[in-house]
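In: Next input, structure requested:
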Amino acid sequence: MDRRPGHDEQGEPSTGAGTDPAADPAAVAAPTLKVAAVARRLGVAPATLRTWARRYDLGPSAHTAGAHRQYSLEDLERLMVMRRMTLEGYSPAEAARVAVQSARATSAVASAHDPSSSAPAQASPQAPSQAAPRPLDASLAHEPSRPPARAPGEAPAPRGATPSVRSLARAAMALQAGECQRLLEAHMAVGGVVEAWTALVRPVLEALSDRVGAVAPGRSPVALLEAALLAALRAAVEGEPAGGPAVLVLRPCAPGGGGGGASGGGATGDLLSHVVAAALREEGAAAAVLPGAHAAERVAAVGEQLDAAVLVVVADTAVDAAAAEETARLVDPAGARVVLAGRGWAAPLPAPVVADLGDVAATALP
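Out: You can find the predicted model right below:
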């Protein structure tokens with residue numbers, strides 16, 4: 001009679017409670033997903049998943065020796081809760097809290113129905129649908145959690161705008177800084193910084209600039225939205241590691257300098273520089289912004305001070321000939337590499353042009 005460990009009295013492999021999981025990994029193996037697969041399933045960028053893992057402990061839990069950690073089905077369920085709630089307008093921190101609690105509730109229910117578990121059943125935490133969003137800042141707690149319906153005379157959102165664009169436009173017109181920031185942070189948490197700019201902020205800023213007339217002193221929907229964007233960008237890159245190459249992001253150069261002027265930056269000024277720098281920070285680069293428009297010599301000097309390996313010059317509107325010529329002076333085989341980003345550049349130029357801001361990191365970073 002075979003009494004070998006892991007075998008029954010007939011010598012067959014045992015599948016009972018005495019089976020050693022380590023001796024038969026296939027007996028306990030569960031389906032797992034790689035980061036790219038989870039990102040496609042949720043419709044988010046892999047960088048977003050890394051951010052959620054680092055900030056909210058929503059990373060992959062499955063691990064095998066000699067392999068990268070992968071997402072289990074339970075991990076995917078938590079991320080689906082996270083994504084759904086951010087799309088519904090909850091802050092990323094609130095959505096993560098509920099996602100973690102919902103996972104614990106599922107685990108408690110499973111344990112309560114598992115005859116082999118001796119742990120007492122736990123009370124189910126608050127369901128995601130019952131969670132109440134928290135204000136981003138106590139000083140903004142008086143603001144409504146949702147923007148009001150568009151009042152007569154308000155600037156409408158662009159034709160064919162998505163619900164997110166309409167919500168942001170209404171919040172900006174109502175001067176609800178906290179609501180604008182909340183919407184932006186939620187969109188960044190799902191699609192990333194560049195997607196939030198391209199699909200949400202830029203169309204709203206363009207609509208507001210075109211359609212808002214005279215306003216009372218101190219009441220500027222455009223300025224309020226720009227400030228909310230900067231606040232959301234700060235929150236997006238807070239705690240991001242910056243051990244990668246140093247990158248300086250700036251507007252097109254201006255002949256003679258002057259620090260300002262319309263040299264292709266457009267009405268949004270330095271905002272695009274901050275957006276691109278934040279996107280590069282998400283990818284681990286030590287990205288910084290040089291505000292204003294400067295002569296090529298000034299830019300080169302700042303780049304040397306930062307030991308910048310790459311200069312990314314961004315333009316959202318058409319760059320005039322003088323600014324393009326001055327920017328071209330940055331190209332130096334012995335200096336930092338120059339990348340031109342945005343839809344404002346026209347060929348031929350002596351540096352690579354990346355019209356799609358989502359491709360800047362792949363071009364600028366080694």
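
In: CA atoms for contacts and neighbours, from now on please.
Out: OK.

In: Give the phi and psi angles for Leu175, as a check.
Out: Listed backbone geometry of Leu175 is phi 60, psi 40, with angles given as degrees, to the nearest 10.

In: and it, how far is that from Arg337?
Out: Distance of Leu175 to Arg337, computed by Cα to Cα, to the nearest Å: 41 Å.

In: next one: Ala223
Out: 33 Å.

In: Comparing the two, which shows the higher neighbour count?
Out: Arg337 (18 against 15; other Cα atoms under 10 Å).

In: what sits against the more buried one?
Out: Contacts for Arg337 (Cα atoms under 8 Å, 6 or more residues apart in numbering) come out as 309-311, 331.

In: So which of the residues you listed are in strands?
Out: Counting by DSSP state E, these place 310-311 in strands.

In: helices and strands of the protein: which one bottoms out on pLDDT?
Out: helix 92-112 (a mean of 69; mean pLDDT, DSSP states H and E).

In: returning to what we had before: dump the contacts of Arg337 into a markdown table; add pLDDT as well.
Out: Listed next are the contacts of Arg337 as a markdown table, based on pLDDT from 0 to 100:
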| residue | pLDDT |
| --- | --- |
| Ala309 | 93 |
| Val310 | 95 |
| Leu311 | 96 |
| Val331 | 92 |
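
In: quick one: which of the contacts of Arg337 is most hemmed in?
Out: Leu311 (25 neighbours).

In: low pLDDT regions in this structure?
Out: 1-31, 62-68, 103-159, 240-242, 257-268, 347 (pLDDT under 70).

In: Helices along that one, start to end?
Out: Taking DSSP state H as the criterion, the chain carries its helices at 35-42, 46-56, 73-87, 92-112, 163-173, 177-191, 193-196, 202-211, 221-237, 271-282, 296-306, 321-328, 360-364.

In: So which bits of the first one are buried?
Out: This means helix 35-42. Within helix 35-42, the residues scored as buried using 16 or more other Cα atoms under 10 Å are 35, 38-39, 42.

In: and which of the residues you listed is nearest Glu74?
Out: Val38 (12.0 Å; Cα to Cα).

In: pretty sure that closest one is touching Glu77, no?
Out: No - assessed by Cα atoms under 8 Å, Val38 is found out of contact with Glu77, at 10.6 Å.

In: ok, the contacts of Arg337 vs Ala232, which is closest?
Out: Distance to Ala232 across these (Cα to Cα) is lowest for Leu311, with 23.8 Å.

In: Enumerate the beta-bridge partners assigned to that closest one.
Out: Leu311 has these beta-bridge partners by DSSP bridges: Leu248, Val338.

In: what sits against it?
Out: 247-250, 303, 336-339.

In: Neighbour-wise, which one of those residues leads?
Out: Val249 (31 neighbours).

In: Touching, that residue and Val289? I think so.
Out: Yes - with contact defined as Cα under 8 Å, Val249 reaches Val289; the gap is 4.8 Å.

In: which neighbours do these two share?
Out: Residues touching both Val249 and Val289 (Cα under 8 Å, 6+ apart) are 273-274, 277.

In: Now neighbour count and distance to Ala161 too, for these, in CSV please.
Out: Below are the shared contacts of Val249 and Val289 laid out as CSV (neighbours: other Cα atoms under 10 Å; distance: Cα to Cα, whole Å):
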residue, neighbour count, distance to Ala161
Ser273, 27, 25
His274, 24, 24
Ala277, 27, 27
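
In: Show me which of those is closest to Leu58.
Out: Using Cα to Cα, Ala277 is the member of these that lies nearest Leu58, at 24.9 Å.

In: just checking, the closest one touches Ala246?
Out: No - here Ala277 lies out of contact with Ala246, judged by Cα under 8 Å, at a distance of 10.6 Å.

In: Stretch 196-212: end-to-end distance?
Out: Terminal residues of stretch 196-212 lie 22 Å apart, using Cα to Cα.

In: So for that stretch, what gets flagged as buried?
Out: Neighbour count says stretch 196-212 has 196-197, 199-205, 207-208, 212 buried, by 16+ other Cα under 10 Å.

In: Out of those, flag the one nearest to Leu49.
Out: So of the buried residues of stretch 196-212, ranked by how close each gets to Leu49 (Cα to Cα), first place is Ala196, at 15.9 Å.

In: doesn't Met188 make contact with that closest one?
Out: Yes - between Ala196 and Met188 there is a contact at 5.6 Å, judged by Cα under 8 Å.

In: quick one: Ala235 from Ser91, how far?
Out: 11 Å.

In: These two: who's more crowded?
Out: Ser91 (24 against 13).
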